[in-house]
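Quick one, what's the 3D model for this:
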Amino acid sequence: MFGKILIANRGEIAVRVARTCRELGIATVAVHSDVDARARHVRACDEAVHLPGVSPTETYLSLDAVVAAARSTGAQAVHPGYGFFSERADAAEAFEAAGITWIGPPPAATRAVGDKVSARRLATEAGVPVVPGTLDPVESADEVRRFGDQHGYPIAIKASGGGGGRGLKVARSPEDVDAALESAVREAEAYFGSREVYLERYLERPKHVEVQVLSPGPGRALWLGARDCSMQRRHQKLIEETPPPLHAQVVPSMGTAAVAVMEACGYVNACTVEFLLDEDGSFHFLEVNARLQVEHTITEEVTGLDLVACQLRIASGEDLGLEQEDFEPGGAHEPRGHAIECRINAEDPYRDFAPGPGVISAYDEPAGPGVRVDSGFGQGDEVPGAYDSLIAKLIVQGSSREEARRRMLRALREFWIEGIPTTIPAHLALLEHDGFVDGSYTTRTLESGALDELGGSGLEDREPTPVLLVGGSAVRLWNPGMAASAPHATARGGDGGGGGTVASPMHGTILQVDVKEGDRVERGDQVAVLEAMKMETRVAATRSGEVADVFVEAGQVVEAGQAIAEIG
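Below you'll find the predicted structure:
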């Protein structure tokens, strides 16, 4: 086993990896940006290396800097967590060239499944059904419209190197194609360094079910169980559970299909194979996440395995001593009971999940039987706008699904976070929603109005906390009325009822400016697109009138409350 590893990540996953390393007697090295100097993941490790700067490109995504950090500290291996380097074959090769073991799949396997287009080809060749779509990247809006003419709408335009819902846009008609393609390409380049996108027929109301795979060596892939990840917003997961509440009869076939894809590319280490499941029980391959998954925790809770420890043992050459029968009925790691995970994000569900970076003024985690919290933050910590919005993962386990659901409701009500908005009110409402209670929810449940009655979630009686200054005025984020007043997370200037200043709702980067001086706009028209916490936010006109001035340009970093434009 390794004596020291570097954790090339931040937040809760870096803390999660550090904890397992400490149990195994492995020393750990953290890396951190300027704003993360006092972060929890730095405190969780034995030593730390400063990566000067704030943006991911100059810090956590600076391959030369992180390789140098590993070499200078004597780290024998690197764990990439998820995001950043985790699905980059070139990163694995760079560490290996420096004599540092990569705790993940071989570069060839990463290339085979990391690019979504090549992964679709691989699945097709392995005899696994895929969602109808292209097997090559598309370059023009005309190509997208021709696909729509042939296969119908809606169409999913997806980044070839994408994941986590980023770089995925939906065109519901020919008129939507140009804007959706432009946005998908922009996100693909910004988040994954490639402008390549491909097309799939967008399934309206599927289940999103994924299979956890662990492969001790080439041709030895094991499937450990399946998770239902269908409760999503913006194609990004909010709640996950295992086992899936419906269609249990098809899960073994999905497991067999997942193993077939993994063995076709010689995969080693942990990964997740994702599928879309129709109401009739038929399933289609979606993609492979060639890394540890955010929701690996719930599989750990029902199988009793530490998946990070398994990753470390595989990478160090140890034999796991596991066979497929260990995960079948009567096996040592047969999934037992039910587990649910809620992602606690710094987002405001009353404002269409607008990102809400800031300082956590109060923080109190739940506890008790069957409750686990994986968190990267605590009281007094800043949740930066430069990175994703995940604060913590709340995981519960129960002997039955209903026990787990009720336990999660109890734990959510105990989870107290102040100073920033969080997704907790949405979780409380969704766990009580009929579609979740009976297990019939789909990827479209939230978008279909599941949160229309968010004010009844039980938090409306809490004292609101002003956390954002816009035009010099404090905006209270815990006001259910905002669900109606700002349904698209648009920025408002002045009093929001006629003030002419369009202000940035948060710290972020201007991706595009849609108006120029002299343009005529109507209230609600898009003025600019802002990127913060790895999400695009539409900034809209606060009144009808003529654009008197534009104060920003694409690529500019702006602060919360900073003027973007003035409407006369």
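
For Pro244, which non-adjacent residue is closest in space?
Once flanking residues are discounted, Pro244 sits nearest to Asp228: 3.9 Å by Cβ to Cβ, 6 or more residues apart in numbering. Every residue, glycine included, has its C-beta placed from N, CA and C.

what's Tyr370 in contact with, if anything?
Rather than Tyr, residue 370 is Gly. 396-398, 404, 407 (Cβ atoms under 8 Å, 6 or more residues apart in numbering).

Please repeat the previous calculation with a cut-off of 7 Å.
396-398, 407 (Cβ atoms under 7 Å, 6 or more residues apart in numbering).

and the next element down the chain from the helix or strand of the chain with the lowest mean pLDDT?
Lowest on mean pLDDT, DSSP states H and E among the helices and strands of the chain sits helix 482-485, with a mean of 30. Following helix 482-485 in sequence order, the next helix or strand is strand 501-503 (DSSP states H and E).

quick one on the thing from earlier: mind checking which of the contacts of Gly370 are in strands?
With DSSP state E as the criterion, strands contain 396-398 from among the contacts of Gly370.

related to what we said a few turns ago, beta partners of the residue nearest to Pro244?
With DSSP bridges as the criterion, Asp228 is bridged to Val209, Glu241.

Any chance of the backbone angles for the closest residue in space to Pro174 that isn't next to it in sequence?
Excluding its sequence neighbours, the residue lying closest to Pro174 (Cβ to Cβ, 6+ apart) is Arg145, at 5.3 Å. Note on Arg145: backbone dihedrals following degrees, to the nearest 10 are phi -70, psi -40.

Provide the count of other residues in contact range of Arg145.
19 (other Cβ atoms under 10 Å).

cool, His79 as well?
Residues near His79, counting by other Cβ under 10 Å, number 31.

Tell me the backbone dihedrals of the closest residue to it other than its chain neighbours, please.
Spatial nearest neighbour of His79, chain neighbours left out: Ile103 (4.4 Å); criterion: Cβ to Cβ, 6+ apart. Backbone dihedrals for Ile103, given as degrees, to the nearest 10, come out at phi -90, psi 80.

can you check Pro52 too?
Dihedral angles for Pro52 - degrees, to the nearest 10 - are phi -60, psi 130.

separation between it and Ala386?
Pro52 is 14 Å from Ala386, where distance means Cβ to Cβ, to the nearest Å.

of these two, who's got more company?
Neighbours were counted for Pro52 and for Ala386 using other Cβ under 10 Å; Ala386 has more, 22 against 10.

tell me the contacts of that one?
35, 54-56.

Okay, now the unreliable bits of the stretch 101-250 of the chain?
162-165 (pLDDT under 70).

What are the boundaries of the helices in it?
Along the stretch 101-250 of the chain, counting by DSSP state H, counting those that start in this stretch, helices occupy 107-114, 116-125, 141-151, 177-192.

Output the shortest one as CSV, nothing but the C-alphas.
Read that as helix 107-114. Only the C-alpha atoms of helix 107-114 are listed here, as CSV (Å, rounded to 0.1, in the frame of the first residue of the first chain):
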residue,chain,number,x,y,z
PRO,A,107,-5.4,6.1,-20.0
ALA,A,108,-6.6,3.9,-23.0
ALA,A,109,-9.8,2.9,-21.1
THR,A,110,-10.4,6.5,-20.2
ARG,A,111,-10.1,7.6,-23.8
ALA,A,112,-12.4,4.8,-24.9
VAL,A,113,-15.2,5.8,-22.6
GLY,A,114,-14.4,9.3,-21.6
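
does Asp64 sit in a helix, a strand or a coil?
helix (DSSP: H, G, I helix; E, B strand; the rest coil).

Asp434 - how many residues pack around it?
10.

Distance check, it against Ser440.
Taking Cβ to Cβ, one finds Asp434 at 8 Å from Ser440.

One more: Asp149?
Applying Cβ to Cβ to Asp149 and Ser440 gives a distance of 33 Å.

for Gly376, same thing?
Gly376 is 33 Å from Ser440, by Cβ to Cβ.

of the two, who's got more company?
Gly376 (24 against 15).

List the residues that contact the more buried one.
By Cβ under 7 Å, 6+ apart, the contact set of Gly376 is 11-12, 15, 39-41, 391-392.

Sort out which one of those residues lies nearest Asp452 for me.
Nearest to Asp452 among the contacts of Gly376 is Ile391, at 25.2 Å by Cβ to Cβ.

for the helix or strand hosting the closest one, packing partners?
Under the criterion of DSSP H and E, Ile391 resides in strand 390-398. In terms of contacts (3 or more Cβ pairs under 7 Å, 6 or more residues apart in numbering; DSSP states H and E), strand 390-398 is packed against helix 11-23, helix 296-303, strand 338-345, strand 371-375, helix 401-414.
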